[in-house]
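**Student:** Turn this into a structure:
(chains A and B)
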Amino acid sequence: MMPGEACPVPVLGHKQIVLGHGSGGKLTQDLVEKLFLANFSNDYLDRLDDQAVLEVNGSRLAFTTDSFVVTPIFFPGGDIGHLAINGTVNDLAMSGATPRFIAAAFILEEGLVSEDLARVVQSMRQAAEEAGVLLVTGDTKVVDRGKGDQVFITTTGLGVLERPVKISADQARPGDRVLLSGTIGDHGMAIMSRREGLEFEGPIESDTAALHTLVAGMLDTSEQIHCLRDPTRGGVATILNEIAARSQVGMELEGRSVPVRESVKGACEILGLDPLYVANEGKLVAVVAPEVADAVLERMRSHPLGRHSCCIGQVVAAHPRRVLLKTEIGGTRVLDVMLGEPLPRIC
Amino acid sequence: MKYLDEYRDADLARRLLKEIQQVQRRPWVLMEVCGGQTHSIVKYGVDDLLPRDIELVHGPGCPVCVTPLELIDKAHAIAARRDVIFCSFGDMLRVPGSECDLLTVKSRGADVRVVYSPLDCLKLARKHPEKQVVFFAIGFETTAPANAMLVWRAKQEGIRNVSVLVSHVLVPPAIEAILDSPWNRVQGFLGPGHVCAIMGYREYEEISARYKVPIVITGFEPVDLLEGVLMTIRQLEEGQARVENQYVRAVTREGNQAAQELVAKVFEVGERKWRGVGPIPNSGYRLREEFSGFDAERRFDVAAIDTQEPSVCISGEVLRGVRKPHDCPAFGNDCTPEHPLGATMVSSEGACAAYYLYGRRQKTTVGG
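**Tutor:** Below you'll find the model as predicted:
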């Protein structure tokens, strides 16, 4: 290429950004791979984990950033502030790091009720205290009314890796067990029920929680933990597809083993959504060596946030990059990556 | 969900499969009429479990799939107007028109909203008197009562800034069109459970008798589907052809009469064009003259929009059960849920999308 010649803009298949580009599914993957990775590629970013592990003067640091744009900002079981701290704490914890410091940037919309902002900030303070992280720097901007959605929060986190672990989406090996820390879909359905004004039988609350102590306990039991991810946008199905693709392995899941609350199952049923694709904010998926799986699972179950932990399947050498699910009645289907925003069906 | 769990019971499914194997002597081709049934079949791997020589083909019963291209283009033209709040069920948002889908129209600044009930449009119309609220009223007989209620109440309450873009289609004429086709391979039908919950199944008795074809009104859970297959196969093996009702917990012979009366007050039966199939006489609903003021096509003057399908797409043949999704050269290559060429790949209930999403590109077996 001649000096000064510009790279062509990669074709994303859409002339404009659509909501699905932020859903965590296939469209998000396209955007990340064809645009961001194509422009910013380096050894750290190319790993495509939720955090980068950096070596600085012999110390291993985990570094991550995340933006929170949830509507409504208050929802059953939590609020945007709680989510902003816990989400970043979890992204650090998924590398095996101890979360230490957080930076927060606020984009406020003109007209936001001050009392609401105060509630959000108090909630952040409380979540940070509980997670043992310090909010050490930040930024505030205000945009014109209509140019934002009350409040957007970006949090950046720094943690320290005190163990010699190498936990990454490319570390899954055939024979490994796939563990899940509890019921799925609670956060996504809590948000949807509040946002759309839907009322379902039985309360549905977000599972927003900081998972670093759960991870610490698991690592105390064994360091043979190969992959850790919190299945947020795109849900468990999308996370497992990412691990299968990065590790070049297949996965086989037992549909009946995946725990879903009755209320969430019912709400998903009504809307035609699959809980495996619905977002979580307080759950983790772990891929662990088979010989330590039972011990790790037992330890997870002894933690309040892992009481309903279970083994949902295993990693296989066959059909690399594909996740297969054995259905309740014994049939088989492929569990693919989510395409875009989950949309409720007509009937 | 206890009520549903028993219809997903593995032991019961196994017993039904065994019984199907015992009853079946010859190969049979069955059609599940409804897209929701197609979705369940592939989601639970029902097709994977059935004997190989029982072929399930997928019917025209996905309302999203059969909504004609020009109506989707009309929806886009209306939605793009600054004075319009365009409301739709969620799964219409990704259906491609000639140029793009409703999500793209939204990304360009249009006010496009997902509603869960057509009546939500009345609330929006009251809240935004300066706007025109338009509802994309698609569906089979299943959604017609709620859509009729929207128009009925708008008229009763004098709400003028509401209109509907109607694309209602009816199942029985589609079944007749399939049976009349010289290429028809279908020997028995799993009838559309939700449609019959509203309409009953008297119309299906006439079709079954006239064409000498078994029709078993069937539900949507895996055990429902297996039982529906068993009941249909049993009739075929015995040389019988009648209507049976597997879905007794939801369907009666007469259906929901209050809903039928409301639909008849607001809609009348007329010719409808089906995407991929073409016009079928008496196969759809249109607004009666006294409600024509609520017709979005008239209100926004989009009647002249006329568009053509991409020539490579075989969704019409897939909808009629003549060919399977992987018979299409574009399936999974040029045509995927991200870049669909035809609507059967877009809606999650479309046969092509269901095949694609649940890995029916090729046979897959756990442990293999």
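**Student:** show me what contacts residue A:81?
**Tutor:** A:119, A:120, A:121, A:122, A:123, A:124, A:127, A:153 (C-beta atoms under 8 Å, 6 or more residues apart in numbering or on different chains). C-betas here are computed from N, CA, C, even on glycine.
**Student:** Verify the stated contact: the fifth one with residue A:82.
**Tutor:** It refers to residue A:123. Yes: between residue A:123 and residue A:82 there is a contact at 4.8 Å, judged by C-beta atoms under 8 Å.
**Student:** any chance of the contacts of residue A:81 in CSV, with distance to residue A:160 too?
**Tutor:** Below are the contacts of residue A:81 laid out as CSV (distance: C-beta to C-beta, whole Å):
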residue, distance to residue A:160
A:119, 31
A:120, 28
A:121, 26
A:122, 27
A:123, 25
A:124, 21
A:127, 19
A:153, 24
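**Student:** wait, which of the residues you listed is closest to residue A:105?
**Tutor:** Closest approach between those and residue A:105, by C-beta to C-beta: residue A:153, at 7.1 Å.
**Student:** Could you list the buried residues of stretch B:326-337?
**Tutor:** Across stretch B:326-337, burial judged by 16 or more other C-beta atoms under 10 Å in any protein chain shown covers B:328, B:330, B:331, B:332, B:335, B:336, B:337.
**Student:** Am I right that residue A:178 falls within a strand?
**Tutor:** Yes: under DSSP: H, G, I helix; E, B strand; the rest coil, residue A:178 falls within a strand.
**Student:** number of nearby residues for it?
**Tutor:** Residue A:178 has 26 neighbouring residues, counting by other C-beta atoms under 10 Å in any protein chain shown.
**Student:** Likewise for residue B:9?
**Tutor:** 16.
**Student:** what's the answer for residue A:69, then?
**Tutor:** 15.
**Student:** which residues does it contact?
**Tutor:** Counting by C-beta under 8 Å, 6+ apart, residue A:69 has contacts A:149, A:152.
**Student:** swap in residue B:193?
**Tutor:** Neighbours of residue B:193 in contact, by C-beta under 8 Å, 6+ apart: B:34, B:37, B:217, B:218, B:219, B:220, B:224, B:247, B:250, B:251.
**Student:** 10 Å instead, please
**Tutor:** By C-beta atoms under 10 Å, 6 or more residues apart in numbering or on different chains, the residues touching residue B:193 are B:33-34, B:36-37, B:142, B:217-221, B:224-225, B:228, B:245-247, B:249-251.
**Student:** Spatially nearest residue to it (excluding sequence neighbours)?
**Tutor:** residue B:247 (4.2 Å; C-beta to C-beta, 6 or more residues apart in numbering or on different chains).
**Student:** if we can go back for a sec, among residue A:123 and residue A:82, which residue is more densely surrounded?
**Tutor:** Neighbour tally, residue A:123 and residue A:82, criterion other C-beta under 10 Å: the higher count belongs to residue A:82, 25 against 20.
**Student:** one step back: I figured the residue nearest to residue B:193 was touching residue B:223, is that so?
**Tutor:** No: using C-beta atoms under 10 Å, residue B:247 is not in contact with residue B:223, being 11.4 Å away.
**Student:** if we can go back for a sec, mark which of the contacts of residue B:193 are buried, thanks.
**Tutor:** For the contacts of residue B:193, buried by 16+ other C-beta under 10 Å: B:33-34, B:36-37, B:142, B:217-221, B:224-225, B:228, B:245-247, B:251.
**Student:** which ones among these are found in strands?
**Tutor:** B:33, B:34, B:217, B:218, B:245 (DSSP state E).
**Student:** what sits against the nearest residue to the third one once chain neighbours are set aside?
**Tutor:** Going back to what we said before, that points to residue B:217. In this structure, residue B:217 finds its nearest non-sequential neighbour in residue B:191, 4.0 Å apart by C-beta to C-beta, 6+ apart. When contacts are counted by C-beta under 10 Å, 6+ apart, residue B:191 touches B:31-34, B:37, B:59, B:61, B:171-172, B:175, B:201, B:204, B:207-208, B:214-218, B:228, B:232, B:243-247, B:251.
**Student:** and with 7 Å instead?
**Tutor:** B:33, B:201, B:204, B:215, B:216, B:217, B:218 (C-beta atoms under 7 Å, 6 or more residues apart in numbering or on different chains).
**Student:** now residue A:55: how far from residue A:37?
**Tutor:** 22 Å (C-beta to C-beta, to the nearest Å).
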